[in-house]
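Chemist: how does the following fold in three dimensions:
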Amino acid sequence: MALLALYPEEWLSSKIIASSLNINAVLVRKEIAVLKSGDLIESKEGKNGGVRLHKSAKKIYLSDIFKLVKGKDNVLSFSSNEPNPACRVGKKINKNLTSIMNTIDSSIINELKKQTLEEFKNKF
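Modeler: Predicted coordinates:
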């Protein structure tokens, strides 16, 4: 998103974005789909296609991006194994951790609400 904010008039391909992040373009395309569903970016197909911001970076908060990319999951996640329901701790651990994880997510969102993509972009 910072790269798109730096070049707001250009259509950047997933390959260009991936090279900036040093990751596979397939991973970029997955995130592009998420950001597009949230109306933060727009895309254009074809030889001169790519993606760009759908609205001004001044109107996009880092919290908007975070919430879309994070989805419904918490930033931290549970172990894949099921705790022992017969254990005093095991039977309540996930319930008690959920409260903490929701608080952590809320704290992150509140911090990210303080900065627009434009402000973040200006650090580069």
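
Chemist: who are the packing partners of the helix ranked longest in the chain?
Modeler: If you go by DSSP state H, the chain has its longest helix at helix 93-112. Other elements packing on helix 93-112 under the criterion 3 or more C-beta pairs under 8 Å, 6 or more residues apart in numbering; DSSP states H and E are helix 62-70. To be clear about C-beta, it is placed using only N, CA and C from the backbone, and glycine gets the same treatment.

Chemist: contacts for the helix it packs on, please.
Modeler: 1, 31, 34-35, 37-38, 40, 105, 108-110, 112-113, 115-117, 120 (C-beta atoms under 8 Å, 6 or more residues apart in numbering).

Chemist: repeat that for stretch 92-108.
Modeler: Phe66, Lys70, Asn74, Val75, Leu76, Phe78, Pro83.

Chemist: out of the residues you listed, which are inside helices?
Modeler: Phe66, Lys70.

Chemist: got the phi and psi for Thr116?
Modeler: Dihedral pair for Thr116: phi -90, psi 160, per degrees, to the nearest 10.

Chemist: how close does it get to Glu31?
Modeler: 19 Å (C-beta to C-beta, to the nearest Å).

Chemist: again, but for Lys95
Modeler: 31 Å.

Chemist: who has more neighbours, these two?
Modeler: Taking other C-beta atoms under 10 Å, Lys95 and Glu31 do not tie; Glu31 has more neighbours (18 against 8).

Chemist: which one is that one nearest to, not counting chain neighbours?
Modeler: Nearest non-adjacent residue to Glu31, counting by C-beta to C-beta, 6 or more residues apart in numbering: Val69, 6.5 Å away.

Chemist: give me the pLDDT value at that neighbour.
Modeler: We have a pLDDT of 92 for Val69.

Chemist: neighbours of the closest residue to Lys44 other than its chain neighbours, just the number please.
Modeler: Nearest residue to Lys44, sequence neighbours excluded (C-beta to C-beta, 6+ apart): Trp11, at 5.5 Å. Using other C-beta under 10 Å, Trp11 has 17 other residues around it.

Chemist: any weak-confidence spans in this structure?
Modeler: Scanning the chain for pLDDT under 70 picks out nothing.

Chemist: quick check: Val51 touching Lys15?
Modeler: No: with contact defined as C-beta atoms under 8 Å, Val51 does not reach Lys15; the gap is 11.4 Å.
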